[in-house]
Every structure is written in C-alpha cells, then in structure tokens.
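Peer 1: Mind looking at a prediction? Sequence and model below.
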Amino acid sequence: MHPRTLALALAVVILLAFKVFAADGPGTGNTFMPYTGRLENGGAGVTGTANFRVGLFNSNAANVASCLASDPITACGTWADEFLATPVAGGAFVLGLGTNRPLPDTVFVANPTLYLGVAVAPSGSSSYVVLNNLQRLGSVPYATRTERADSLVVSRDANVGGKLAVGLAAPQRAVDIQNGELRVVASHNNATYDLAQFYANNGTQGLGLGYDTLAAVGSLADQDLHLLPRGLGVLQADGPTHVNGELLAQATRTEGTTSATYLTSKRRLLFIASYSGGDPVRSYTPISQATLVNYCGDEDGCRVTVRMRNWGAGAGSRTATSISFHFNYGESLAGQAWWRREALPASPNAAMLWGNEVGQDGSGVQDAVAVNHDCYFTDGEYVAGSPSVFDVPGLGMGLLNYNRSGGVYAPTCELIIDD
C-alpha cells in the first residue's frame, strides 16, 4: 500500500474532550485524552498497523494542518504528537493523546476553541497524508454540566487561571463575591498573622490577619499601617484602646498665610526614687538631657508632676504638685541649657515651690525646678557620702528623694512627665 494511492477516510469519535481533563499524574497539570477513530481503504476497514500524527489547532483555516506532513512536528499547531505502528483492526484504532508527548492542560485553558487534525502513513514510512476536514473538539454532556455544577468538592490543589465569581456572572476582580460572606477558619490558634495575607504586586508591603492581630507584612523592614476612613467618615474605637508605643497626632503650623502640617506626640514618662533604709537617705534617679529635650523641648513644653507617696502613717498617703516646664527653651550657652517653670502663684506652703521661674542647667549652682516636701525635680545630684546636693557637670536633671524624717516614714518620690 502506498500513501499516495491509498484512499483514506477517517470517522472520528472523541471520547474525552477539552472540557474534562484526566491528570497524567499528581501535580503534573497534563491531560490524557483517549481518541478513537476508524481507518478505511476503499470503504473497507483496514487491518494491520499504521502510523498516525495528531495535532491540535486554534483555527480550521485551509492547510493549517499541513505541518503534520513535515518534520519536526513539535512546533505544529498548539500541540502535536506521533504514534508509530498503531494496531488497526477492522478499521478501528485507539490513540492516547498525551501518552507520548505531554499534553498540558494549559493548551485547553489558553484556547477555548480547538480543532483536531490527523495525518496517516503506512507502518515503516514517513510519508504522511494529511486528512481533510479538521474536527472541532466539543464537550461530552456531563463535561458541559460541570460548567454549572450545583456543588464542587476539591480534594487536592486547584489552579484558577481566570477570575473566580461567587453569586454573579461577570466578576470584576480575581475573586468577586456578591450576596454572600467569606469565612476562613485557621488550622491553628497561634498568635500569628497568617490567617490571611494580602501583598502588593512586588511583595514589599502587605496586610496580614491573624489571631486578634492586624499586621503589616512584606519584605520591607519598616512599613506603615494605615486605617483610612472615606470622605467625612471617622475612625472610631468603641471600647478601651491601648497604645503600646508613641501616639502621634497631626498638628498645623501657620506663619503668615503659609500653613504646614507636622506630627505631635502624646506620651508619658515615670521616674521613681525609692526609700532604701537608713538615715539620711538621698536616692537619685537621673534624667538625661536628650530625654528632657525630646519631651519638654518642643513648642508647648511638657507637664511635670512631682508626687510623694507613703509619707504618713497610712501606706496609701500621697500628695502631688504639677507645673508646666520648658527645657532648653532659649539659647544654649556653653555647657548650659535654659529652662522655665510656669506654676501656680506663690503659696504659704514652704514645702513646695510656686510661681514662674527661669534657670540654667549646668551653671554650677543647684536649682530645684519643682519640690513636693522631700521630693525634688532638680539639676543637682546627691552622691553618697556628700554633705549636700550640688549641680553636677554636664547637662541633665533628675529626681531626688531627700528623706529627712529620721526614719519616721519611708516616702517614695515619683516624677511624671506628660508630653
């Protein structure tokens, strides 16, 4: 038999079409498609063996399958393969598309409409005849039904190449849910934020949800996290709110007709100088110049409260006094820094300092900014064994517990700085 003189006709039945895939193996993403046909010579079914070439094409234009007669066929159509010495009995033959050369399911995803072309040659020959009339691939009835399934259970991985819609026909996003809710239950109860994570395209920034946590995620070492109302909406916390860190609020600075925004903070420091036994006891807790400038050196200074507790017969006895304090508010002289106290008018209580006053830290003279009985906010430091308090070299202040009770009581001094 010679392929040039052999009259060939092909009757084709597609048993598994492009709407339904049989995976070639776990995780391969390849398709196995059984293909059954009939080969006739002069109207009679052929018995013996024959060589077949099969290709898939996204068009049925004339001569589109002619490449099946040439070598190599790897670039023919969207996919092609060759099946040598295929048994044919009474004209019937079976080919397993995807058994020789892998048939990726992406071929079907990228090409919703496909046509199948066939070329045939006698066994042992490489002279192929391309059969006319390409066959369009279609769905078997139950494969069509899967387009609109009532329910779907996926027991392994699922790869969606397009958009996923729930409750609507035309999704606007990669995942679009309408008239429904999304519920996610984590596989653990850990205090992490991997319940759900959303990343920018470049992976540098993102948002993570987890066990009572809303966190910034991404490759950036430092990343802001914004909660942004819309229009005239406000951000509202309905319940106690804890801020573990510095709380910043926007302020506006105006000079002439020019205004600019900047950030101002709301924060607190607490310093303690405790009674440690013996008499006299003069414990001292230092406060650095950098801390004073940071908290009390801006335009509104800070609020300073000197508090003494446990000073009387009752363990809960306490008293406190507050002043407005500005540190380094004017020019700094060599080795010195100005401060200003704004307090209540003078009081007959000699145990406290009242009224407004200006002083210099680093002047060599001990200054008390605020006093509450035996508790002093001062630029003087007591050193054990020294007979008095003196201004120490360098800049900085501190809280002094200068207990003079002779052991009658054990007061604790506290200094609170609110900015």
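Peer 2: In hand now; what should we look at?
Peer 1: Who are the packing partners of the helix ranked longest in the chain?
Peer 2: Secondary structure of the chain per DSSP state H: the longest helix is helix 289-296. Contact here means 3 or more C-beta pairs under 8 Å, 6 or more residues apart in numbering; DSSP states H and E; on that basis helix 289-296 packs against strand 302-309, strand 318-327, strand 396-403. No exception for glycine: its C-beta is placed from N, CA and C like everyone else's.
Peer 1: for those strands, which one ends up most surrounded?
Peer 2: Comparing these by mean neighbour count (mean count of other C-beta atoms under 10 Å), strand 396-403 ranks first with a mean of 23.
Peer 1: I figured residue 409 was touching residue 308, is that so?
Peer 2: No. Contact between residue 409 and residue 308 fails when scored by C-beta atoms under 8 Å: they sit 10.0 Å apart.
Peer 1: Kindly state the domain boundaries assigned to the protein.
Peer 2: When the chain is parsed into structural domains using automatic domain parsing, the resulting residue ranges are 8-142, 268-418.
Peer 1: In stretch 410-419, which residues are buried?
Peer 2: 410-417, 419 (16 or more other C-beta atoms under 10 Å).
Peer 1: nope, stretch 38-54 is what I was after
Peer 2: Taking 16+ other C-beta under 10 Å as the basis for neighbour counts, the residues of stretch 38-54 that come out buried are 38-39, 46, 50-54.
Peer 1: of all those, which comes closest to residue 67?
Peer 2: Distances from residue 67 to the buried residues of stretch 38-54, taken as C-beta to C-beta, are shortest for residue 53 (9.5 Å).
Peer 1: Which strand residues bridge the closest one?
Peer 2: residue 82, residue 119 (DSSP bridges).
Peer 1: what does the model give it for pLDDT?
Peer 2: We note a pLDDT of 94 for residue 53 in this prediction.
Peer 1: was I right about it contacting residue 77?
Peer 2: No. The pair residue 53 and residue 77 does not pass the contact test of C-beta under 8 Å, sitting 10.6 Å apart.
Peer 1: didn't residue 52 look like it was pressed against residue 119?
Peer 2: Yes. A contact is recorded between residue 52 and residue 119 when judged using C-beta under 8 Å, the distance being 7.2 Å.
Peer 1: hang on, the earlier thing: how far out from the middle of the chain is the longest helix of the chain?
Peer 2: On the basis of C-alpha atoms, centre = their mean, to the nearest Å, helix 289-296 is displaced by 35 Å from the centre of the chain it belongs to.
Peer 1: what's the answer for stretch 169-189, then?
Peer 2: Stretch 169-189 has its average C-alpha position 18 Å from the chain's average C-alpha position, going by C-alpha atoms, centre = their mean.
Peer 1: what about that stretch, how long is it end to end?
Peer 2: Between the opening and closing residues of stretch 169-189 lies a distance of 36 Å (C-alpha to C-alpha, to the nearest Å).
Peer 1: before we move on, what about stretch 126-136?
Peer 2: Counting by C-alpha to C-alpha: the opening and closing residues of stretch 126-136 are 26 Å apart.
Peer 1: Identify each buried residue in the longest helix of the chain, please.
Peer 2: Going by neighbour count (16+ other C-beta under 10 Å), the buried part of helix 289-296 is 289, 291-292, 294-296.
Peer 1: Pick the one among these closest to residue 174.
Peer 2: For these, with residue 174 as the reference and C-beta to C-beta as the criterion, the closest is residue 294, at 46.6 Å.
Peer 1: ok, that closest one to residue 51 distance?
Peer 2: Noted for residue 294: a distance of 86 Å to residue 51, by C-beta to C-beta, to the nearest Å.
Peer 1: ditto for residue 229
Peer 2: In this view, residue 229 and residue 51 are 71 Å apart by C-beta to C-beta.
Peer 1: Equivalent analysis for residue 91, please.
Peer 2: Taking C-beta to C-beta, one finds residue 91 at 16 Å from residue 51.
Peer 1: What is the burial count for residue 104?
Peer 2: Neighbour count of residue 104, defined by other C-beta atoms under 10 Å: 17.
Peer 1: so it sits right up against residue 31, yeah?
Peer 2: Yes. Because the distance of 7.2 Å satisfies C-beta under 8 Å, residue 104 is recorded as touching residue 31.
Peer 1: got the contact list for residue 76?
Peer 2: Taking C-beta atoms under 8 Å, 6 or more residues apart in numbering as the definition of contact, the neighbours of residue 76 are 55, 65, 67-68, 70.
Peer 1: Please name the nearest non-neighbouring residue to it.
Peer 2: residue 67 (3.8 Å; C-beta to C-beta, 6 or more residues apart in numbering).
Peer 1: Relative to residue 128, how far out is the one you found?
Peer 2: Looking at residue 67 against residue 128, where the rule is C-beta to C-beta, the gap reads 10 Å.
Peer 1: Also residue 179?
Peer 2: Residue 179 sits 56 Å away from residue 128, going by C-beta to C-beta.
Peer 1: Compare the two (neighbour count), which wins?
Peer 2: Under the criterion of other C-beta under 10 Å, the comparison of residue 179 against residue 128 puts residue 128 first, with 21 against 7.
Peer 1: The more buried one contacts residue 121, correct?
Peer 2: Yes. Using C-beta under 8 Å, residue 128 makes contact with residue 121 at a distance of 4.5 Å.
Peer 1: wouldn't residue 208 be in contact with residue 199 here?
Peer 2: No. Counting by C-beta under 8 Å, no contact exists between residue 208 and residue 199, whose distance comes to 9.2 Å.
Peer 1: residues contacting the nearest residue to residue 342 once chain neighbours are set aside?
Peer 2: The shortest distance from residue 342 to any residue other than its chain neighbours is 4.1 Å, reached at residue 324 (C-beta to C-beta, 6+ apart). Listed by C-beta under 8 Å, 6+ apart, the contact partners of residue 324 are 301-304, 341-343.
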